[in-house]
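A.B. asks: pasting the sequence and the predicted coordinates here, then a few questions.
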Amino acid sequence: MFARAPGSLIGVHTADCVPVLLVDRRNRAIAAVHAGWRGTVAVIPARTLEAMRERYGTLPEDVEAAIGPAIAACCFEVGPEVAAKFGDLFPERSDLGRRTHVDLHEANRRILSAAGVPPEAIYVARHLCTRCHGGEFCSYRRDRERAGRMVSSIGITGF
């Protein structure tokens, strides 16, 4: 989702997936992205930036990004069929052909950086693992069908 109208408030529901919030400071445009592992390997944050460029004239160097709480590498263990899909994002890793842990926070940070968002403008809640912190966050991997959902939102104040 993205918006530009003053007073807009948008958000995404997550329960282990990565919420990515984007703001284009120059054009006062915002976006809220839901990046589970499928959206991450499909580089959905970069695709969102491209859609913002087409619609609002957004340039990556004008963007600030917040990557919110999600399941962290400590708890995100995947099989070889999923791990292999992360090869382009983690070319330095030789373990992606077997059961391993994947860092979705880092994957989405790399996607945004490769898309041109300045590294110092990407804020990552890397140590806020939704599965580990049961008293603070909802986690589908931890609670299954009983899991609630969190809302990550971003808005534009009026002029």
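C.D. replies: Looks like it arrived, so ask away.
A.B. asks: what about the strands in this structure?
C.D. replies: 2-3, 9-14, 18-24, 29-35, 63-67, 77-78, 100-101, 122-124, 150-155 (DSSP state E).
A.B. asks: same list (these) but as CSV, adding mean neighbour count, distance to residue 136 and mean pLDDT.
C.D. replies: For every residue, glycine as well, the C-beta is placed using N, CA and C. Listed next are those as CSV, based on neighbours: other CB atoms under 10 Å; distance: least, CB to CB, whole Å; pLDDT from 0 to 100:
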stretch, mean neighbour count, distance to residue 136, mean pLDDT
strand 2-3, 20, 28, 94
strand 9-14, 17, 13, 95
strand 18-24, 24, 15, 97
strand 29-35, 23, 20, 97
strand 63-67, 22, 17, 98
strand 77-78, 15, 21, 96
strand 100-101, 16, 21, 97
strand 122-124, 17, 17, 97
strand 150-155, 17, 10, 92
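A.B. asks: and these as CSV, adding distance to residue 89?
C.D. replies: Below are the strands of the chain laid out as CSV (distance: least, CB to CB, whole Å):
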stretch, distance to residue 89
strand 2-3, 23
strand 9-14, 19
strand 18-24, 13
strand 29-35, 12
strand 63-67, 14
strand 77-78, 13
strand 100-101, 13
strand 122-124, 15
strand 150-155, 21
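A.B. asks: so which of these is nearest residue 54?
C.D. replies: Residue 54 sits nearest to strand 2-3 of all the strands of the chain, at 10.5 Å, using CB to CB.
A.B. asks: and the closest one, which strands flank it?
C.D. replies: In the sheet, strand 2-3 lines up against strand 29-35 (antiparallel) (DSSP bridges).
A.B. asks: and the angle from the partner strand to strand 63-67?
C.D. replies: 30 degrees (axes from the mean of the first three to the mean of the last three CA atoms, to 10 degrees).
A.B. asks: pull strand 29-35 out as PDB, backbone CA atoms only.
C.D. replies: Taking C-alpha atoms only, strand 29-35 is exported to PDB below (Å, rounded to 0.1, in the frame of the first residue of the first chain):
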ATOM      1  CA  ALA A  29       4.700   9.800   0.100                       C
ATOM      2  CA  ILE A  30       4.500   6.700   2.200                       C
ATOM      3  CA  ALA A  31       4.300   3.000   1.800                       C
ATOM      4  CA  ALA A  32       3.600   0.000   4.000                       C
ATOM      5  CA  VAL A  33       5.000  -3.400   2.800                       C
ATOM      6  CA  HIS A  34       4.300  -6.900   4.000                       C
ATOM      7  CA  ALA A  35       7.400  -9.000   3.300                       C
END
